[in-house]
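Enquirer: pasting the sequence and the predicted model now:
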Amino acid sequence: MAVLREVSAVCVVAACAALALGAAHPAQAAPTNEQCENRVNDTTAKLLECIQEPALYRHLAALQTISNDHPGSDGHGNRDTGKPGYKASVEYVAALVRRAGYRVIIQPYPLKAFDVVGEPHFEAAGRDYMVGRDWYVARLSGEGAPSAPVQPVGQIVTDDGADSRSGCSRADFTSFVRGHIALVQRGGCSLDAKVVNAEAAGAAGLILFNLPGPIGQASLRGTPHVAQAYPAHLQSMAHIPVVGVAAYDVGSDLYRRYLAGENPVARLDIMTKTGGEITDYNLIADSPFGDANHVVVVDAHLDAIYGAGILDNGTGSATILEIALKLAKTPTLNRLRFIWFGGEELGLFGSKYYTGNLTAADLKRIVFDLDADVTATPNYAILIADPQNASNVQNFPKNVVPQSRIGNAYFLRYFTDQALPIRDANAGNDGTDSNSFSLVGVPNSGIFTQQDCCKQPSEVAIWGGYLGNFEGDIPSYDGGCVDQPQRWCDNLPNVAPYVHEFVSKGFAFVTLKLANDARIDGYTR
């Protein structure tokens, strides 16, 4: 908890304003949690005073206990997709919302089981890269042991902040030599699209490497360090071995050597195993109130990865759980549907299954989606997940961006009124469940408070805090705790409870506004 004390002590203007939120009646005691859950909270003032830090923290503590009680074969507790700790998390939330009066459905869906066999190997240009540090095997990678020249594909970018569509088009592979190993960069489209194009061009393997950017210019405990590697996830099984994601310095070195005429050769040795299907779950809770033909979905992903997942995304899950409990007795114009998705960390599997299996009539009834993904970052930023900034926005139906503005505007209105700066996220809703709703034409918005590394000077100027990690060891550039294999530190000390409260209040404000907004009552797609 030392990190939380250190960050809290900064108390920039925004943070201090946040600490005062909900104190509209300083002389009057706030209602108790029990009172809040047993009354109609039909105004934003009544709802916001019922979103309280202790209740939010109790949910996080429960999820931490669930993780601790369900260790994996490595001895570490976890709430990962397909594991007992995740199922226990579903049961915890389901019991609470069912008791509050919601109609609860636990929706099972299949996931392909996947494992890497033995120790994978990747070497190139005389360097032997370390798995888990320099690179990872992409989930659902094919297997093989090719040794072949590396050939860059499409536009590789080396400028900070630039984006790449490398490998997104068949045209990128026009001059590709069959049997070579394709070098592509993340961004612009799904990894699946890049793999399909590479396979069609006859690639023997694919190396996906990270973009340059702020994280690539960070330093690791004072030493030069460029963009970290992390695991990528395919939706469908590849037929070739896939490195994903390699660190930026790995890919950029190969790219530089190729441009210099060195024709670097890479050797991959990746063996994988699929063991049929595992069952995962989404949890759906419908309010008894509101027009069932006009549904506002409020979602968060409940699964973790590499441990307890308390910041990512126990916090978002607790945010929407508290809002659901405090609105359990409140009539609304539009129907509220709270969903806790599984499989988000592996590739939005839960939300894609949910949206992909709706009937046309049921899909039409959903008029908006609101997503909470990471809501209690200690060294925070406050960002709107605006779909217009998503890397795959070109794939969204045309109604999505303009019809999403109403949710974005509510977030902007609330936080601006509270003197808390809020900005659009550069990556829109990339990598979070609202992206699945965008793809099927449902307008959406959301909020998150950032994770990992690295907070930049411009962000410190807006929100205060420190350069470097958003969470974990602060200040530091070691990458943080979220989605970091073998780190096992996304636990209760990785969150700031006071941030959780003021962000959850803002999310509650937007939820109630959308629940009673007649302007979204007649959306057509």
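Expert: Yes, it's here.
Enquirer: contacts for the host helix or strand of residue 413?
Expert: Here residue 413 sits within helix 400-417, counting by DSSP states H and E. Helix 400-417 has contacts (CB atoms under 8 Å, 6 or more residues apart in numbering) with 368, 370, 382, 384, 386-388, 393, 421-422, 424, 438, 441-447, 506, 509-510, 513-514, 517, 519-520, 523. Bear in mind the C-beta positions are built from the backbone N, C-alpha and C, glycine included.
Enquirer: quick one, which of these are buried?
Expert: Listed as buried from these are 368, 370, 382, 384, 386-388, 393, 421-422, 438, 441-447, 506, 509-510, 513-514, 517, 520, 523; burial here means 16 or more other CB atoms under 10 Å.
Enquirer: so which of those residues belong to helices?
Expert: With DSSP state H as the criterion, helices contain 438, 506, 509-510, 513-514 from among these.
Enquirer: quick one, helices of the stretch 51-200 of the chain?
Expert: With helices called from DSSP state H, counting those that start in this stretch, the stretch 51-200 of the chain shows them at 53-68, 84-99, 191-200.
Enquirer: among these, which is the most enclosed?
Expert: Comparing the helices of the stretch 51-200 of the chain by mean neighbour count (mean count of other CB atoms under 10 Å), helix 191-200 ranks first with a mean of 22.
Enquirer: packing partners of it?
Expert: When contacts are defined as 3 or more CB pairs under 8 Å, 6 or more residues apart in numbering; DSSP states H and E, helix 191-200 sits against strand 181-185, strand 205-209, strand 242-246.
Enquirer: report the buried residues of stretch 459-476.
Expert: Applying 16+ other CB under 10 Å to stretch 459-476 flags 459-460, 462-474, 476 as buried.
Enquirer: so which of those belong to helices?
Expert: Per DSSP H, those map to helices at 459-460, 462-463.
Enquirer: closest to residue 289 among these?
Expert: residue 463 (36.3 Å; CB to CB).
Enquirer: now the helix holding residue 413, how far from the centre of its chain.
Expert: Its chain's average C-alpha position is 20 Å from that of helix 400-417, according to CA atoms, centre = their mean, to the nearest Å.
Enquirer: and what of stretch 233-245?
Expert: Using CA atoms, centre = their mean, the distance between the centre of stretch 233-245 and that of its chain works out at 20 Å.
Enquirer: show the average pLDDT along that stretch.
Expert: Across stretch 233-245, the average pLDDT comes to 91.
Enquirer: what about it, how long is it end to end?
Expert: Chord length of stretch 233-245, first to last residue, is 9 Å (CA to CA, to the nearest Å).
Enquirer: again, but for stretch 478-493
Expert: Per CA to CA, the first residue of stretch 478-493 is 17 Å away from its last.
Enquirer: so what's the model's average confidence on it?
Expert: Stretch 478-493 shows a mean pLDDT of 89.
Enquirer: can we start the residue count at 42 from this point?
Expert: Sounds good: first residue 42 from here, last item stretch 519-534.
Enquirer: for that stretch, buried residues please.
Expert: Quick answer for stretch 519-534 (16+ other CB under 10 Å): 519-525, 529-534.
Enquirer: and residue 134, which of the helices and strands packed on helix 232-241 is closest to it?
Expert: Per CB to CB, nearest to residue 134 of those: strand 283-287, 31.1 Å.
Enquirer: give me the domain ranges for this protein.
Expert: The chain breaks down by automatic domain parsing into domains covering 43-66+78-143+328-561, 154-316.
Enquirer: out of those, which gets nearest to residue 72?
Expert: domain 43-66+78-143+328-561 (6.3 Å).
Enquirer: can you show me the helices along the stretch 242-391 of the chain?
Expert: 289-300, 357-367, 390-397.
Enquirer: tell me the most buried of these?
Expert: helix 357-367 (a mean of 27).
Enquirer: could you export that helix as PDB, CA atoms only?
Expert: Coordinates of each C-alpha in helix 357-367 appear next as PDB, following Å, rounded to 0.1, in the frame of the first residue of the first chain:
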ATOM      1  CA  GLY A 357     -14.400  -2.100 -13.700                       C
ATOM      2  CA  SER A 358     -16.400  -5.100 -12.600                       C
ATOM      3  CA  ALA A 359     -16.900  -3.700  -9.100                       C
ATOM      4  CA  THR A 360     -17.900  -0.300 -10.600                       C
ATOM      5  CA  ILE A 361     -20.800  -1.700 -12.600                       C
ATOM      6  CA  LEU A 362     -21.700  -4.100  -9.800                       C
ATOM      7  CA  GLU A 363     -22.100  -1.300  -7.300                       C
ATOM      8  CA  ILE A 364     -24.200   0.700  -9.900                       C
ATOM      9  CA  ALA A 365     -26.400  -2.300 -10.500                       C
ATOM     10  CA  LEU A 366     -27.000  -2.900  -6.800                       C
ATOM     11  CA  LYS A 367     -27.800   0.800  -6.200                       C
END
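Enquirer: which secondary structure elements does it contact?
Expert: helix 74-78, helix 94-109, helix 125-140, strand 332-342, strand 375-382, strand 407-413, helix 538-556.
Enquirer: could I get these as a markdown table with distance to residue 152 and mean pLDDT?
Expert: Below are the helices and strands packed on helix 357-367 laid out as a markdown table (distance: least, CB to CB, whole Å; pLDDT from 0 to 100):
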| stretch | distance to residue 152 | mean pLDDT |
| --- | --- | --- |
| helix 74-78 | 34 | 96 |
| helix 94-109 | 20 | 98 |
| helix 125-140 | 11 | 98 |
| strand 332-342 | 14 | 97 |
| strand 375-382 | 13 | 98 |
| strand 407-413 | 21 | 98 |
| helix 538-556 | 28 | 98 |
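Enquirer: distance to residue 188 for those - can I get that in TSV?
Expert: Converted to TSV, those look like this (distance: least, CB to CB, whole Å):
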stretch	distance to residue 188
helix 74-78	62
helix 94-109	42
helix 125-140	39
strand 332-342	39
strand 375-382	41
strand 407-413	44
helix 538-556	50
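Enquirer: out of these, which gets nearest to residue 350?
Expert: Closest to residue 350 of the helices and strands packed on helix 357-367 is helix 94-109 (CB to CB; 7.5 Å).
Enquirer: alright, calling it a day.
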